[in-house]
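predicted model, plus sequence, below.
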Amino acid sequence: MIYRIEFNEDRYALLPFKIDSIEKNIYFGSKNVKVKLRWDEKLKNKIIFPKSLKEELLIKEKLLYQIIIGDSIKIGPLIGILVDKRTETLKDNLDDYISYFLLYSRFHGVVFLFALDGIDFKKGTVTGFYFNPFSDNNFIYDTLPLPYFVFRRIGLNENQRKYLLNNTLLYNSYYFDKWEFYNLIKDKVNTPETKMYNKENLQFMLNQYKEVFLKKQNGSMGIDIYKIIKSQEEYMLKGKFDKSYSAYKSLDDLMKTLNFKNYLIQRAVKPIKDENRCSDIRVVMQKDDTLKWKLTYMIVCLGKRDGICSNYQRFGYTLKFEEFFADKLGLGYDKVFRIKKAIEEECKKVCNLMDTIGNFCDVGIDVIVDEDYNIWIIEANKRHDHRMVLSLNDKIGYYQIKGNLIKFGVKKSGFELF
Amino acid sequence: MKLKIIQDKGCIYLPEEIQEKYNLNKEIKICHGKLTSRAIIKSTKEELAISQDLADLLKIKEVDYDFKIINSEMIILGPVVGILAKRNFSALTLKFLSRMERFAINYTKGLLIVFSLDKIKDSSVRGYYFNPEKSKFEEAELPFPLSVYRRIGLSLFEKNMLQYIIGKSYFNSHFLNKYEVYKLLSQFEDLKAHIPYTILYKNPSDLFEMIDKFKIIYAKPILGLQGRKVYKISKEEGYIKLRFREEGLNKTAIINIHQADVIDEYIKSGNFILQQGIDLIEYEGRSLDLRCIMTKDRSNTWILNGIVVRLAPQGSVVTNVSSGGEAYMFEDFFINNMGFLDVYTFLLKEKIDIFCRRICDCLDNLGYNMGYLGIDIGVDKYHNVFLIEINSRDPDATIALDAQNTLLYYDTKANIVDYLNYLSGFGDG
């Protein structure tokens, strides 16, 4: 049921239904006010509040809201998406975020975009752009209470993070680097052995596996990545953008070439290749209105020919999961299905482990299927690129990814979809 | 974990760390499906093992098992789940069993049993279990499973028997007829506006009343399958027109309104419903509806696995593939054939998803244990969705194959087994 909220000069709130108490706290996000209540069934889908509540609760007129009645009355949904550091930049890019609002008519309330500088930490308010389907330009710049639910897509410092965590349901609440992630999952899922970079560990890993990657502990987008191969006489090193390997007589010589401080050594598992392109799979795992982890999408990335990784943006390309495994590799659908289920299974384990260290509802997990069809978890991207699916020209997949986040936020903060 | 069978008596061998972790008593109850026995725990440094006498008694097979320990005093080996596939054992032919192997597409552990009604004996059953080494079903004396997917109709007595053995852990607990679907779901205010008005047909005056009210109505057998004996009825001056499909042909019957008793030749009192006709979207003049494949998963959550568009033959009143219809995947069809924008296709899909899950949740709330449903949805030109009917009697998953989506077909089969696993205590959460 959705309601229109109007204001008048009275001192009490007029509701269209009877409730068990003559006075209750009314919440809109972080703001709340105690109000005397009366009821009038003729109001049907309308609620009338004293005028003073408009300012105190920062409720926006003309929108429709859901009401949750419990010990208090909760008006909503009120969902914020933290997408930028600066409001000024956000203002110029508002249209990029329109896909978050496609499902708005299924829940109503207030969904808004905001930047870090829009948070007033003292007043407990946020100034940002809320979606108004009834206005011509879709977004209205205004001040709102701290929302029930915040999904963040940018980095925060510890104080900012703690503030939002204490005052809202903050999702993507915690940043972890590759090393922390490895230690979280290593005993529970199949993941390549990883060690901190130093000579002893490098020696050990190369003796053990012959081929390893060096990856920056907090690197992203596969930028800082090198591969080392040990042969009988020499060590070969190749960076992501290098055309060929450089050979070194000793490990010391190799280690001198670059500063590998804060790097990790990861066993290089052998992914399935096609035309000598490395493959990996970006698995988009999300929670939706069921509040449970689900596989939303899988994208197979194929890197450049003879490259060391599967980065598809330069000279590589992407394929849908079935296109790669069934059409390109020619595997039977029963085999393709089993691989898909095995990936889903491993990724769900990873997500459940992530739930033990923070609030998460959207993660892009990189998975390698090796030549023997074993599944390897490589890493988890907390702020993964939602647009990756557009490389497959699948707009529905893109809308689904955005839609799931909002559906989760609505349901997680106690409201309904209809 | 494979359970090794060794020459000993009355005991189970468990590693000490497991005994310590679960604080196990010296004696424990072992459950394998509905068969149980008490056993002395002995320590081992190697793999789990069980004495020969208990393995025989509990009908343990050489497959990998998962285990659950309950209250430090009971160990459940499993999952042990079953598909009640036929009434008679003789109908479990090799050909049939090979088709049933698709349920094992994502088999990992325990016993997946296919059995018939006539071979149930207390806590055990003679049937077939999936042997992963041979990748096929093998005949054996087996424990009665802890959860059952039933594909056959049962009398009240037979249902009571099943309930006596495993409680409510079988699905679908009820095969809903078309009138029951209407009566049950139209109680819910939010659903009512999305279900065509329906009455049980008793005599021709019902039909005339409905047709005066809605102009176009459908008469359908309450227990009908595959679009057989579905009539689209309209009223013209002095007569009513019945359009239907029979033996692959579109037919029309014209009945003078003064000879109403002729209607009884087509529509039998008490066996048919009359349903309000909705002006649904069509494709090139052909009717279409959407088959939504709903299953529960191993966390007891309803999932819309996929939507298949069923396109009727030209001029046909029914869309069933068995009546000559065609099947397409929803997204492809609406974008490529109907010319919908991606965004509208997405919004319609989401609307259908929420609607179907709401229907399933309502059936859960009414106390039914359903795990696999085929929900037929119609869409009008304003993109409103309507519930046409619900198939709860083992809906045919091959519709996914008709729509060239083998993965959807496997997903459906695997989810049925996942929900069985959940009901047997081996699910998530």
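Alright, I've got the coordinates.

grab the nearest non-local neighbour of B:K251.
Taking Cβ to Cβ, 6 or more residues apart in numbering or on different chains, and ignoring the residues beside it in sequence, B:K251 has B:F244 as its nearest neighbour in space, at 5.6 Å. For the C-beta atoms, the positions are set from N, CA and C on the backbone; glycine is no exception.

ok now the helix or strand where the one you found lies, how far from the chain's centre?
Assignment of secondary structure by DSSP states H and E places B:F244 within strand B:239-246. For strand B:239-246, the separation from the chain centroid amounts to 32 Å (computed by Cα atoms, centre = their mean, to the nearest Å).

what comes into contact with that strand?
With contact meaning Cβ atoms under 8 Å, 6 or more residues apart in numbering or on different chains, strand B:239-246 is reached by B:207, B:211, B:219, B:227, B:229-235, B:250-257, B:263, B:266, B:313, B:316-318, B:323-324.

mind saving the C-alpha coords of it as PDB?
Once side chains and other backbone atoms are set aside, the C-alpha atoms of strand B:239-246 remain, and they are given as PDB (Å, rounded to 0.1, in the frame of the first residue of the first chain):
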ATOM      1  CA  TYR B 239     -26.000 -17.400 -31.400                       C
ATOM      2  CA  ILE B 240     -22.800 -18.100 -29.500                       C
ATOM      3  CA  LYS B 241     -19.500 -19.000 -31.100                       C
ATOM      4  CA  LEU B 242     -17.100 -21.600 -29.600                       C
ATOM      5  CA  ARG B 243     -13.600 -21.600 -31.000                       C
ATOM      6  CA  PHE B 244     -11.300 -24.500 -30.100                       C
ATOM      7  CA  ARG B 245      -8.400 -26.600 -31.300                       C
ATOM      8  CA  GLU B 246      -8.800 -30.300 -32.000                       C
END
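
which helix or strand contains A:N25?
Short version: A:N25 belongs to strand A:23-28, going by DSSP H and E.

so what does that strand touch, helix or strand wise?
For strand A:23-28, the helices and strands in contact under the criterion 3 or more Cβ pairs under 8 Å, 6 or more residues apart in numbering or on different chains; DSSP states H and E are strand A:31-39, helix A:51-57, strand A:73-76.

kindly recompute the last result at 7 Å.
Helices and strands touching strand A:23-28, by 3 or more Cβ pairs under 7 Å, 6 or more residues apart in numbering or on different chains; DSSP states H and E, are strand A:31-39, strand A:73-76.

among the ones you listed, which is the most enclosed?
Most buried of the helices and strands packed on strand A:23-28 by mean neighbour count (mean count of other Cβ atoms under 10 Å in any protein chain shown) is strand A:73-76; its value is a mean of 23.

who's in contact with the spatially most central residue of chain B?
A centroid search over chain B (Cα atoms, centre = their mean) returns B:Y372, at 3.0 Å, as the residue closest to the centre. B:Y372 sits next to B:172, B:295, B:395, B:416 when contact means Cβ atoms under 7 Å, 6 or more residues apart in numbering or on different chains.

what's around the second one, how many residues?
Spelled out, it's B:T295. For B:T295, the neighbour count with other Cβ atoms under 10 Å in any protein chain shown is 25.

that one contacts B:N305, doesn't it?
Yes. Under the criterion of Cβ atoms under 7 Å, B:T295 is in contact with B:N305, at a separation of 5.8 Å.

who touches both of these two?
With contacts taken as Cβ under 7 Å, 6+ apart, the residues that reach both B:T295 and B:N305 are B:412, B:415.

tell me which parts of the stretch 101-250 of chain A are close to chain B?
Residues of the stretch 101-250 of chain A found near chain B (Cβ under 7 Å from any Cβ of the partner chain) are A:102-103, A:106.

are any of those buried, and if so which?
Among those, those that count as buried by neighbour count (16 or more other Cβ atoms under 10 Å in any protein chain shown) are A:102-103, A:106.

so where's chain A uncertain?
In the predicted model, chain A carries pLDDT under 70 at residues A:220-223.

before we move on, back to that, give me the subset of the contacts of B:Y372 that also touch chain A.
Of the residues in the contacts of B:Y372, proximity to chain A by Cβ under 7 Å from any Cβ holds for none.

cross these against strands and list the overlap.
Among the contacts of B:Y372, the members falling in strands (DSSP state E) are B:T295.

out of the contacts of B:Y372, which is most surrounded?
Among those, the one with the most neighbours (other Cβ under 10 Å) is B:T295, at 25 neighbours.

in space, what's closest to it - neighbours in sequence excluded?
B:N415 (3.8 Å).

so the one you found sits against B:S299, correct?
No. Because the distance of 11.0 Å does not satisfy Cβ under 7 Å, B:N415 is recorded as not touching B:S299.

among these two, which residue is more densely surrounded?
When B:N415 and B:S299 are compared on other Cβ under 10 Å, the one with more neighbours turns out to be B:N415, at 21 against 16.

check contacts around the more buried one.
Applying Cβ under 7 Å, 6+ apart, the residues contacting B:N415 are B:295, B:297, B:303, B:305.

still on that earlier bit, partners of the strand holding B:F244 in the sheet?
Sheet pairing of strand B:239-246 (DSSP bridges) gives strand B:231-236 (antiparallel), strand B:249-256 (antiparallel).

now do the buried residues in the longest one.
Of all the residues in strand B:249-256, those buried under the rule 16+ other Cβ under 10 Å are B:250, B:253, B:255.

is B:F208 located within a helix, as I assumed?
Yes. Counting by DSSP: H, G, I helix; E, B strand; the rest coil, B:F208 falls inside a helix.

returning to what we had before: now for the helices and strands packed on strand A:23-28, which one comes closest to chain B?
Nearest to chain B among the helices and strands packed on strand A:23-28 is strand A:73-76 (18.0 Å), distances taken as Cβ to the nearest Cβ.

neighbours of B:L24, just the number please.
Number of residues near B:L24 (other Cβ under 10 Å) recorded here: 18.

in the stretch 301-429 of chain B, which spans are strands?
In the stretch 301-429 of chain B, the segments counted as strands under DSSP state E, counting those that start in this stretch are B:302-311, B:326-329, B:372-379, B:385-391.

swap in the stretch 1-150 of chain B?
Using DSSP E, counting those that start in this stretch, the strands found in the stretch 1-150 of chain B span residues B:4-6, B:11-15, B:27-32, B:35-44, B:49-51, B:66-70, B:74-78, B:80-86, B:111-121, B:124-131, B:136-143, B:147-150.

may I have the residues that are in contact with residue 111?
Answering for chain A, as no chain was given. A:79, A:100-101, A:104, A:130-131, A:406.

I was after chain B.
The neighbours of B:L111, taking Cβ under 7 Å, 6+ apart as the test, are B:33, B:61, B:63, B:80, B:129, B:142.

returning to what we had before: dump the helices and strands packed on strand A:23-28 to CSV, plus distance to chain B.
Conversion of the helices and strands packed on strand A:23-28 to CSV gives the following (distance: least, Cβ to the nearest Cβ, whole Å):
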stretch, distance to chain B
strand A:31-39, 20
strand A:73-76, 18
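
nearest to A:N374, of those?
Comparing the helices and strands packed on strand A:23-28 against A:N374 with Cβ to Cβ, the closest turns out to be strand A:73-76 (45.5 Å).

and A:F49, that one's in a strand?
Yes. Assignment of A:F49 by three-state DSSP places it within a strand.

quick one: contacts for it?
With contacts taken as Cβ under 7 Å, 6+ apart, A:F49 has the following neighbours: A:5, A:7, A:13.

could you check how far the last one is from A:L43?
The reference is to A:A13. 11 Å (Cβ to Cβ, to the nearest Å).

what do you get for B:D53?
Counting by Cβ to Cβ - B:D53 and A:L43 are separated by 74 Å.

domain boundaries for chain A, per the record?
By the record's domain assignment, chain A is partitioned as A:3-76, A:78-171, A:193-267, A:273-384 (automatic domain parsing).
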